[in-house]
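[1] Turn this into a structure:
(2 chains)
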Amino acid sequence: MTDLDTLARAATRELLERSAPDAHTRYADLRHVRARRRTTALVAIAASVALVIGGWQLNGSRTDPIEPAPRPGSVRNGVLLGLDVHVDNPAEAWRAIRGAQPAYLPEDPAAHAQYQFTASGTEVVYADGQARIMELAIATGTQRQLTRCPDDVCAAAVSPDARAIAWTDGDHVRLRSLANGADTSIPAAGDGLVGAPAWSPDGTALALVGADGLYVVTIDSGNVRLVVPNRNPGTVLGPVSWSPTNGAVAFFIGEPRPFKGYEETAFTASAVDLTTGSVTSLLDAGQCFCVGLPAPTLTWSPDGTLLAVATTTSNTLEPGVYLVDPDGSDPERAKIGLYAALAWQPLTD
Amino acid sequence: MSEMSRTEVAAPQRARAVGRTASFEEFYVAELPRLVALARGLCPAHVAEDVAQEAMLVAYRRWREVSSLERPDLWIRRTCANLAVSQFRRRLVELRATARLAGRRTPPVELSETSEEFWTAVRGLPQRQAQAAALRFVYDMPIADIAATLGTSEGTVKQHLSRARHALAVALDATPQATQEEQP
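    Next comes the predicted model:
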């Protein structure tokens, strides 16, 4: 049996020998990129000013408004799950924040996997450690593979009818049929699309974030609409969650915030009304460099009456999972501590 | 790791020496190669160089502040290690790599199967353990410097390294031998 140090020395030596970038050329690249980003920031500021003055962007560019989905009525809130980030083994980190913990939960999720209940609330869909998208029946523990992960990060979202997955790929929205594995794509405006999209409750549209802001994409027409421009290009607005009962999308607004020599990001949980374009601040979700800590996350309750927000470290607010009304009122702390991967189970009659 | 330190730690020491008084360009040239190796150890090959570059962009934008720190070298390593393991930040870097602004592409660092297996096992560790192990391996950093880089205590770093060694030994079917310094 080889000793670990011998393996480590050999692997590190090879890594160092082969990681030899031309530093002077890359320095020239860096100056170029920096100049381009400064220009992008100035353009974004100008766009924000135009938005304030005319308000034309949200109204004028909305060529294909999303109609509010029909209110389900019969959907109730089941268990709200989260992962306690202080527990290394995800299989032991599940916590029921509201309700009773199901008999079976994923034991082999990939780091940073996202979890999603199916519309019936009887299965959880997630990415496992072998880059597969799996479906687990929480009552029986039965698992099946839906598809392979589309990329190494595996930030894909399953449609409400569980017939397709969607993910983002730089400057495209990608869709894969789970029936036949066929992939299609929709070119999106701008670049830097990041993270898993959120499906609209009726499965006709997706909300997603990119470097330029929060977008809504209508799947049939391919129409892409910038709903909320990013005031701080480079910060990420995700994750996103689409209200199950009306045309609103919850997301995070990030602001760079210096702290002890590091540039942290301060997060505010927010929601945008897709009909009017008005943005409501819901909750200060803390700030972090997000080093070994999850960025905040959020999800709507299945009945649409609450949002669950897992906050991160903060100077003013104890980290925890907070339940807040859709207008930002009455925040209630449901759990103390740092949590990731919120998933709220729908119960249907 | 100690054998490696005598011959290979020279570059980071130069970076540390020039850190407080050097221009950003000198700092960049001294620190970049090993920073790329650190990123390559912690994230996929095709984004490693961009993760290192992204960390350098943050330092460039804030060089006046960063250069006044006691250890700008530790600052940049922390920034890079954080970028490499943070999902959202890494994802953003990955997407920028896809739609590269500068348009210049260098082939990703390819490793032999054995080395790739080793670094894949490192990347499979919990984040803090992976960061501590990568800093230890790539820079042969003393425990105190790893603690300062990650903003935690020496005891915690020892615990991370001890757990990392055990997990790596199991994953790679090897014998874990902690150095005297690493003993919790």
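[2] Which strand or helix spans A:T184?
    strand A:183-187 (DSSP states H and E).
[3] Strand partners (parallel or antiparallel) of that strand?
    Strand A:183-187 sits in its sheet next to strand A:172-177 (antiparallel), going by DSSP bridges.
[4] model confidence over the strand it pairs with, on average?
    Per-residue pLDDT over strand A:172-177 has a mean of 88.
[5] in that strand, what's buried?
    Within strand A:172-177, the residues scored as buried using 16 or more other C-beta atoms under 10 Å in any protein chain shown are A:H172, A:V173, A:R174, A:L175, A:R176. For the C-beta atoms, the positions are set from N, CA and C on the backbone; glycine is no exception.
[6] show me the contacts for the closest residue to A:W94 other than its chain neighbours.
    Distance criterion C-beta to C-beta, 6 or more residues apart in numbering or on different chains; nearest residue to A:W94, sequence neighbours excluded, is A:L105 at 4.8 Å. Taking C-beta atoms under 8 Å, 6 or more residues apart in numbering or on different chains as the criterion, A:L105 is in contact with A:L81, A:A91, A:W94, A:V124, A:L136, A:I138.
[7] for A:T6, same thing?
    Neighbour list for A:T6: B:A174 [criterion: C-beta under 8 Å, 6+ apart].
[8] Now do it against B:A174, distance only.
    Applying C-beta to C-beta, to the nearest Å, the value for A:T6 to B:A174 is 8 Å.
[9] Could you do A:S120 as well?
    Distance from A:S120 to B:A174, by C-beta to C-beta: 46 Å.
[10] quick one on the thing from earlier: contact partners of the strand holding A:T184?
    The contact list for strand A:183-187 (C-beta under 8 Å, 6+ apart) reads A:150, A:169, A:171-177, A:217, A:219, A:222, A:224.
[11] Kindly recompute the last result at 7 Å.
    By C-beta atoms under 7 Å, 6 or more residues apart in numbering or on different chains, the residues outside strand A:183-187 that reach it are A:D171, A:H172, A:V173, A:R174, A:L175, A:R176, A:V217, A:G222.
[12] need the helix or strand of chain B with the lowest average pLDDT.
    Lowest mean confidence among the helices and strands of chain B (mean pLDDT, DSSP states H and E): helix B:2-8, at a mean of 33.
[13] The chain: helices as residue ranges?
    Picking chain A for this. For chain A, applying DSSP state H gives helices covering A:4-18, A:23-54, A:56-60, A:90-93.
[14] meant chain B actually
    Using DSSP H, the helices of chain B run over B:2-8, B:10-19, B:24-42, B:45-61, B:63-67, B:72-85, B:87-98, B:113-123, B:127-139, B:143-150, B:154-172.
[15] Show me where the stretch 151-300 of chain A dips below the pLDDT cut-off.
    Residues of the stretch 151-300 of chain A that meet the criterion pLDDT under 70 lie in A:151-154, A:170, A:189-195, A:233-237, A:258-264, A:288-295.
[16] before we move on, back to that, is it possible to get a markdown table of the buried residues of strand A:172-177 that adds distance to B:A30?
    Shown next, in a markdown table, are those (distance: C-beta to C-beta, whole Å):
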| residue | distance to B:A30 |
| --- | --- |
| A:H172 | 39 |
| A:V173 | 42 |
| A:R174 | 41 |
| A:L175 | 46 |
| A:R176 | 45 |
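[17] with the residues you listed in mind, which one is nearest to B:V66?
    A:H172 (35.7 Å; C-beta to C-beta).
[18] Report the beta-bridge partners for the closest one.
    Applying DSSP bridges, one finds that A:H172 bridges with A:P187.
[19] Touching, it and A:P197? I think so.
    No. A:H172 lies out of contact with A:P197 (C-beta atoms under 7 Å); the separation is 11.5 Å.
[20] show me where pLDDT drops low in chain B?
    Residue ranges of chain B with pLDDT under 70: B:1-22, B:46, B:86-109, B:178-180, B:183-184.
[21] can you rerun that using 50?
    For chain B, residues meeting the criterion pLDDT under 50 lie at B:1-20, B:95-105.
[22] Kindly report the same for the stretch 1-150 of chain A.
    Residue ranges of the stretch 1-150 of chain A with pLDDT under 50: A:36-37, A:39-72, A:111.
[23] sorry, back to before: of the contacts of A:L105, just the buried ones, ChimeraX syntax please.
    With 16+ other C-beta under 10 Å as the criterion, this ChimeraX line picks the buried residues out of those:
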select /A:81,94,124,136,138
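[24] Spatially central residue for chain B, please.
    B:L38 (3.2 Å; C-alpha atoms, centre = their mean).
[25] Next, the contact list for it, please.
    B:L38 touches B:R77, B:C80, B:A81, B:A134, B:V138, counting by C-beta under 7 Å, 6+ apart.
[26] if you set the cut-off to 8 Å instead, what comes out?
    So B:L38 contacts B:A52, B:R77, B:C80, B:A81, B:A84, B:A134, B:L135, B:V138, B:Y139 (C-beta under 8 Å, 6+ apart).
[27] What count of nearby residues applies to the fifth one?
    By the criterion of other C-beta atoms under 10 Å in any protein chain shown, B:A84 has 29 neighbours.
[28] Quick one: the strands in the stretch 201-349 of chain A, in order.
    Along the stretch 201-349 of chain A, the stretches classed as strands by DSSP state E, counting those that start in this stretch are A:205-210, A:213-218, A:224-229, A:241-242, A:248-259, A:262-273, A:279-288, A:297-300, A:307-310, A:320-324, A:332-336, A:339-348.
[29] can you list the ones you listed in TSV and add mean neighbour count and distance to A:R144?
    TSV is the format used below for these (neighbours: other C-beta atoms under 10 Å in any protein chain shown; distance: least, C-beta to C-beta, whole Å):
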stretch	mean neighbour count	distance to A:R144
strand A:205-210	27	24
strand A:213-218	24	28
strand A:224-229	20	33
strand A:241-242	25	25
strand A:248-259	20	30
strand A:262-273	22	34
strand A:279-288	21	35
strand A:297-300	26	24
strand A:307-310	28	28
strand A:320-324	22	30
strand A:332-336	14	31
strand A:339-348	22	18
